[in-house]
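Chemist: sequence unknown, structure follows:
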DNA sequence: AACAATACCGGTATTACTATCACGCTCATG
DNA sequence: CATGAGCGTGATAGTAATACCGGTATTGTT
């Protein structure tokens, strides 16, 4: 296995990310925000619906810019529920 | 063309990102940081050398966590050297 | 000199992201 | 009812990210 498939946890995290982006978009049009971020509407739609669980860094960055969001807040909010505040320490994956 | 190839500007931005990550790593070992971030050493190496210009969002997020960096600062620093401060306004890509 | 550790590079394999196209659904307006 | 805007979903296509492997070079230690 050369490229590990996405785990269910990855997909859940992607869903949380999409949900947050959609909330931040609020009443604005999807195509409007997508255009402002410089990505296609379909891509934004898939990100919002969680069908792109791990988007590119600069894609999320552009979206955060278009939505006036902080990336740090975004990652903190996409952290699994229960990992409150412990952002610096990786979950110590049995390493 | 279904997926636009990376532009030279994208690659330059990737190089800046890699350079920043490498500076932040400082004296620490590459494999150590890669392990802390939960990614493979090869991947971190390619990111640092700019051979992965647009890494996944959560990959950069994990690295920022392992290196104790702010993502907002990171994107601000990876912005083209002339877009000082104008972080909210998209470069208005002729849209 | 031999060895280990670190880092760079190339190739290979597999998965994932991104974009376009096409169709359906809902709601508002005429 | 017809039309349009906005959103959702599936298929298709092409490029990129990620990981593993082997080779190489440098440095430090014994």
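Modeler: Looks like it came in fine. These numbers were taken from a predicted model, which means no experiment stands behind them.
Chemist: and the residue nearest the centre of chain A, what helix or strand is that in?
Modeler: Residue closest to the mean C-alpha point of chain A, counted by Cα atoms, centre = their mean, is residue A:17 at 3.3 Å. Applying DSSP states H and E as the criterion places residue A:17 in helix A:8-25.
Chemist: Are that helix and chain B in contact anywhere?
Modeler: Yes. Contact of helix A:8-25 with chain B is found when judged by Cβ under 8 Å from any Cβ of the partner chain, involving A:10, A:13, A:17. C-betas here are computed from N, CA, C, even on glycine.
Chemist: Leaving out the residues flanking it, which one is nearest to the residue nearest to the centre of chain A?
Modeler: Spatially, and ignoring its direct neighbours in sequence, residue A:17 is nearest to residue A:78 (4.7 Å; Cβ to Cβ, 6 or more residues apart in numbering or on different chains).
Chemist: got the contact list for residue A:14?
Modeler: Going by Cβ atoms under 8 Å, 6 or more residues apart in numbering or on different chains, residue A:14 touches A:47, A:50, A:52-54.
Chemist: let's see it at 10 Å
Modeler: Listed by Cβ atoms under 10 Å, 6 or more residues apart in numbering or on different chains, the contact partners of residue A:14 are A:6, A:46-47, A:49-55, A:78, B:57-58.
Chemist: Just the pLDDT for it.
Modeler: Turning to residue A:14, the model gives it a pLDDT of 95.
Chemist: So it versus residue A:49, what's the distance?
Modeler: Spatial separation of residue A:14 from residue A:49 under the definition Cβ to Cβ, to the nearest Å is 9 Å.
Chemist: Ok, residue A:6 next?
Modeler: The value you get for residue A:6 to residue A:49, if Cβ to Cβ is used, is 15 Å.
Chemist: isn't residue A:55 right up against residue A:64?
Modeler: No. Contact criterion Cβ atoms under 10 Å: residue A:55 and residue A:64 do not qualify, at 11.2 Å.
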